Every structure is written in structure tokens, then in C-alpha cells.
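> please work out how this folds:
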Amino acid sequence: MNLESIKQVGVRAAYRAGKVLNRYYGSTLRVTKKGVIDLVTEADVAAEKIIVETIREVFPDHALLAEESGASGENSEHCWIIDPLDGTTNFAHALPFFAVSIAYARTDEVLMGIVFNPVNGEFFSAVHGQGASLNGTPIHASSTKTVSDSLLVTGFPYTVRTTPPTGLLEQFSRCLTSAQGVRRLGSAALDLCYVGCGRFDGFWEENLKPWDTAAGLLVAREAGARVTDYADHPFNFYDKQILATNTHIHQEMVDLLTIEDLNDR
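As a prediction, this is how the structure comes out:
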């Protein structure tokens, strides 16, 4: 199966979903809670519907793993991993940092990834072995050599109210006092892409879902970033912990994030 045809379907689905999100953006939304602080809006549902329909038009037997509707489809060798709105809380508060995230994986290896912010029009894409781009222009991770000169980004899990975040806060403190700066923007997919294009030098987060990371991790890797877990093992989108860096600061970041009681959870 041609990856270019896969990408074309993904691009079409992302743009269609982006139009849906832009129609809802800034309006009064029906918001429900999947958890204490985990939101879902009518925009998530509508955008996912159009993505699924677009993929099913061309690949009716492919498996889908989507944030709102879960898993479906019989051909598990070919799987689309979909987050129709990564950054729902930002979206619900009219903060323009969110994205459509669509990945295609074959036997659990991501081969195509798209992350699209419909507000500013930034369209990140990658195909395995072909590099990554932003609006058609190739992107590359930064050349920053040390954490002390690095701008980092992170996120906090939805479980912070139910699971004591002692280790997480220790990691944050270590990185905050070691780096040039640390940001928390609210979209893991975009955070990964920003590492890929050199805006950030490193990103770490835990307890993410496959649809949060699948597309962004390929963009980052194809742009030259290193993506592992906190123990420097190769990252799979089912893993609990993700660390993405420009490669130069990777070992420093592994050292900062190594807290035995957290990594052994």
C-alpha cells in the first residue's frame, strides 16, 4: 500500500476536521467531563466523525483507534490513530493552541503522521523515512547542546488529583532549575512537533494515550529528534512515559527525569 496515498487521505481528513473545529471555535460549547478535569466537547465528536468518514471512504476495512469512539475495524495490521482535538481544554477556553492529530501505523509502527492547528494554519506532516515538514518546508530539531541553554515543554496528567504527583513535581523542579525555561502549553501533539521544528529543545510527559503521541512522535523523529521513555528505551505510542529531545540534551534529560519511585510505578 502506497504511503503517499495514505498521506493524501490523512491530509484531506485533517483539513475537513479543521474546518469543523474552526466553526465551533470561540462559540458557546456543550462540554461534558470524561474525568475530573478531562473534557470533551461537541466539537471533538463532530471533528472525529468527519475524520472517520473520510478514512472509511477509501479504507473501509482499516482499524481505527480514536479518542472519543475507541477502537473499531477488523484489519488490525493497518491502524489509524486519531485525536480529533488535542488540547480540548484550550479549545473550550478559546486558547488557540490545539490540533487535529492523525497517524497511520502498520503492525504498531507509525508510518505517517499529521498534526494540524486550524487556527494558525500550521500543518506538520511526516512519512517514515522521508523527513518532516511544516507547511511543506522541511523542519529539523535544534542544535542546542545543553539543558541550561534549552527551552523545554511538558504536560501534567489528568490523574494529578487522584494520584499524588510527588515524583512528577520533583522532575518538574529539576528541569525548571536546570533549563533556560519550561513551558506547559496543553497539546502533546504540538509539543512534539515544536521539538521537531526547533522551537523547543525537549519535551517530557507521562500517562498519555496513543492518540496524543502517535502522529507527533513521527514528526519529531523524522525531523531528527530522539524519542524514548524516561529510561532511554525506544518509545512506542502505548508507553506511559515520553521524552523527546534534539538528541544533544537527551542524556541530561534522562538523568533529570530518573526518579526511582516514579519510574517503577
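
> tell me the domain boundaries of this protein?
Domains of the chain are assigned by the TED database as 3-138, 147-257.

> would you list those domains in CSV and tack on mean pLDDT?
CSV is the format used below for the domains of the chain (pLDDT from 0 to 100):
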stretch, mean pLDDT
domain 3-138, 89
domain 147-257, 95
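
> tabulate these (CSV), appending mean neighbour count.
Quick note: C-beta positions are derived from backbone N, CA and C, even for glycine. Formatted as CSV, these follow (neighbours: other CB atoms under 10 Å):
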stretch, mean neighbour count
domain 3-138, 19
domain 147-257, 21
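
> and residue 41, bridged to which residues?
residue 31 (DSSP bridges).

> measure the closest residue to residue 251 other than its chain neighbours to residue 245 for me?
Leaving aside its sequence neighbours, residue 251 sits nearest to residue 232 (CB to CB, 6 or more residues apart in numbering; 7.7 Å). According to CB to CB, to the nearest Å, residue 232 and residue 245 sit 10 Å apart.

> then residue 112?
23 Å.

> can you check residue 79 too?
27 Å.

> same check on residue 51?
30 Å.

> now residue 18
Counting by CB to CB, the gap from residue 18 to residue 245 is 29 Å.

> cool, and residue 78?
From residue 78 to residue 245 the distance is 30 Å (CB to CB).

> which helix is the longest one in this structure?
Using DSSP state H, we find that the single longest helix of the chain is helix 3-24.

> residue 212: what's it in contact with?
Residues near residue 212 by CB atoms under 8 Å, 6 or more residues apart in numbering: 83, 86, 101, 188-189.

> which SSE is it in?
helix 210-222 (DSSP states H and E).

> now stretch 176-189: how far from the chain's centre is it?
Here stretch 176-189 is found 15 Å from its chain centre; the criterion is CA atoms, centre = their mean, to the nearest Å.

> so that it lines up with my notes, have the first residue be 9 from now on.
With the count now opening at 9, the last piece we talked about shows up as stretch 184-197.

> and the end-to-end length of it?
Stretch 184-197 has an end-to-end distance of 21 Å (CA to CA, to the nearest Å).

> show me the contact partners of it.
So stretch 184-197 is contacted by 91, 94-95, 97-98, 103, 105-107, 109, 123, 155-164, 180, 183, 199, 208, 210-211, 213, 216, 220-221, 223-224, 250, 260, 264 (CB under 8 Å, 6+ apart).

> give me the residue at the spatial middle of this structure.
In the chain, the centroid-proximal residue (CA atoms, centre = their mean) is residue 197; its distance is 2.2 Å.

> skip ahead from whichever strand or helix holds that residue and say which helix or strand is next.
Using DSSP H and E, residue 197 falls within helix 196-204. The helix or strand immediately downstream of helix 196-204 is strand 210-214, counting by DSSP H and E.

> show residues contacting that following strand.
155, 158, 160-165, 176, 179, 183, 187, 196, 199-200, 202-203, 238, 248-254, 257-258, 261, 265.

> how about residue 265, nearest residue that isn't a chain neighbour?
Nearest one to residue 265, counting by CB to CB, 6+ apart, is residue 238 at 4.5 Å.
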